[in-house]
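Asker: One predicted model, sequence on top.
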Amino acid sequence: MTGQVAVLTLGGTISMTGTGGVTPTLGADELLEAVPQLRDGPSIVARSVVRLPGANLTFSDLVNVASAIREDLARGSDGVVVVQGTDTIDETAFALELLLADLEQPVVVTGAMRNPTLPGADGPANLFAAVHCAASAEMVGLGVTVVMNDTIHAAARVQKRHASRPDAFSSLPHGPVGWFQEGSPVVIDRTRCRFQRVDPVRSSVRVPVLAATMEPDVDTWRAVVGAGIDGLVVQGMGVGHVPEVLAPVLVDAASSFPVVLATRTGGGAVHERTYGFVGSEQYLIENGLISAGWLDPLKARVLTALELRTESPDVSAAFRPVQPSGRDRSGLEPLEPLSESRRGGYE
């Protein structure tokens, strides 16, 4: 079938040109002109939303992008591509997954690791793959995905694991959704972690992320938790541990606002009942901290910050889909197999 794809550009490396340090200059039309092969694909409607480095995007920007995505889908687009900087793509894609959790149409986020002035710039190939993925019925129901380097990642799992290489992105804990091959997506994992859609009503909240370290500066931690913040994400050691001297600070803080416990390791999940010493995961959870499950600290902050922006926030409930003890209610759920009529992309 011939579909329509909306392309929304936000800036980022893919749009950067200049000498003596590149900056975002290219808009949606210019990015598409750099990929003439797209003229033989699905019809495209494109617009530039903002032109910012990925590091400068905000939650307010993403709320606006989510609204723009809904508008384009309501106007007849079959899927949407969001083009942005890769510095924050693992955060922004997950934020869009939460803001658009009720949608089944493909929403694909992409960008570039090499700007257009460099040899081997990867932006055109990534944009080509993203548009074809967004046009494919194979992607229906997968939620928001990130397509980079011909690999399809679920927004809830994708992580940027290298500062500059084109293969910077990986998916934890159990790998990517699939890959892009010969003009079409190949999907090998149709499981999707089902989160509740968030509807922000507050314009801003304060949710810092602090890393537990050997011999921590306890005074700094006390200053942060006493600074009028709305929530806190802790990057715990290993399966969710902190030094004993931090335990009373965090337990006390958890009586005033949500304190979420993640692991700083980059892979695996916070445990719940393995260790029992003061400062262990079991001790902290039993004393009021919220387990981030298998979400990495950055995504834990995204979920916490967006949930706290809702009218009646329940941060503990928001994390149940990624906790082993909460899976029976809303964890990873396999999608229904695609019927033959829904397979394939456009013709």
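Answerer: It's in. Here the structure is a predicted model, which means the values were calculated and not measured. Residues are numbered from 1 along each chain as shown.
Asker: Run through the neighbouring helices and strands of whichever strand or helix holds Thr220.
Answerer: Mapping Thr220 onto the secondary structure by DSSP states H and E places it in helix 218-225. In this structure, helix 218-225 packs against helix 247-254, with contacts taken as 3 or more C-beta pairs under 8 Å, 6 or more residues apart in numbering; DSSP states H and E. All C-beta spots, glycine's among them, are computed from the backbone N, C-alpha and C.
Asker: mind listing what's buried in the helix it packs on?
Answerer: The neighbour-count criterion (16 or more other C-beta atoms under 10 Å) identifies Ala247, Val249, Leu250, Val251, Ala253, Ala254 as the buried residues of helix 247-254.
Asker: Tell me the one of those nearest Arg190?
Answerer: The shortest separation between Arg190 and any of the buried residues of helix 247-254 is 36.6 Å, and it belongs to Ala254 (by C-beta to C-beta).
Asker: Show the contacting residues for the closest residue to Gly293 other than its chain neighbours.
Answerer: Once its chain neighbours are removed from consideration, Gly293 has its nearest residue in Val322; the separation is 3.3 Å (C-beta to C-beta, 6 or more residues apart in numbering). If you count contacts by C-beta atoms under 8 Å, 6 or more residues apart in numbering, Val322 has them with Ala156, Cys193, Ala269, Ala292, Gly293, Trp294, Leu295, Gly331.
Asker: Now for the residues you listed: which two are most distant?
Answerer: Across these, the two members that end up farthest from each other (C-beta to C-beta) are Ala292 and Gly331, 14.0 Å apart.
Asker: Look at the two and report which has more neighbours.
Answerer: In terms of neighbours (other C-beta atoms under 10 Å), Ala292 is the more surrounded of Ala292 and Gly331; the figures are 27 against 17.
Asker: distance of that one from Arg309?
Answerer: For Ala292, the distance to Arg309 (C-beta to C-beta, to the nearest Å) stands at 18 Å.
Asker: returning to that earlier point: which one of the buried residues of helix 247-254 is nearest to Arg264?
Answerer: Of all those, the one with the least separation from Arg264 (C-beta to C-beta) is Leu250, at 14.5 Å.
Asker: Does the closest residue to the closest one other than its chain neighbours have any beta-bridge partners, and if so which?
Answerer: Closest residue to Leu250 in three dimensions, ignoring its sequence neighbours and counting by C-beta to C-beta, 6+ apart: Val259, at 5.6 Å. When bridges are taken as DSSP bridges, the partners of Val259 come out as Leu232.
Asker: Ok, Ser291 next?
Answerer: Using DSSP bridges, the bridge partners assigned to Ser291 are Leu261.
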